[in-house]
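Asker: I would like to see how this sequence folds:
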Amino acid sequence: MATYELNDAGVARCRELIDARQYVLDSEWSDVQPDAASQNAYLGRHTFAEYAVWHLGLTAGAADDTKARYAFAYGDFRRVHRSALIACVFRAAQWRHKKVELAAHDLLQHLDATSA
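Answerer: Predicted coordinates:
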């Protein structure tokens, strides 16, 4: 099983987007989650640093500047999705990635408070 580190830059960017009200409250994450083609298209126009901030986790041991390095996506490259944060909390909790789980939970609470 992979081990993940917390991506502080991704957490900070997610919080910034929430504060700027760049979020979607009701979506089906499995339907709107960027697929491989969307990720590749994004990387064709952006740097890996820009790609990285759309993820809450960093895969330990994976090389920088590879898609394998980044995990726990929280948005669609434009906005944060509440359903994505829920998925991050669930998946991180399921596999005991506690730092990612707690960060995703905190961001979900921040989103709910901001959008109330």
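Asker: drop to CA atoms for contacts and neighbour counts, all remaining ones
Answerer: OK.
Asker: for residue 91, give me phi and psi.
Answerer: Dihedral angles phi and psi of residue 91 (degrees, to the nearest 10) take the values phi -70, psi -40.
Asker: which non-adjacent residue is nearest it?
Answerer: Beyond its immediate neighbours in the sequence, the residue positioned closest to residue 91 (Cα to Cα, 6 or more residues apart in numbering) is residue 101, lying 7.9 Å away.
Asker: let me know the pLDDT of the one you found.
Answerer: Reading off the confidence values, residue 101 has pLDDT 98.
Asker: for the helix or strand hosting residue 103, buried residues please.
Answerer: Assigning secondary structure by DSSP states H and E places residue 103 in helix 98-115. Neighbour-count burial for helix 98-115, counted by 16 or more other Cα atoms under 10 Å, picks out 98, 99, 100, 101, 102, 103, 104, 105, 106, 107, 108, 111.
Asker: which residues in this protein form helices?
Answerer: Here the chain has its helices, by DSSP state H, at 8-19, 29-32, 36-45, 48-52, 82-94, 98-115.
Asker: which of these sits most buried?
Answerer: Among the helices of the chain, helix 82-94 has the highest mean neighbour count (mean count of other Cα atoms under 10 Å), at a mean of 20.
Asker: neighbouring contacts of that helix?
Answerer: Counting by Cα atoms under 8 Å, 6 or more residues apart in numbering, helix 82-94 makes contact with 23-29, 33, 72-75, 98, 100-102, 104-105, 107-108, 111, all of which sit outside it.
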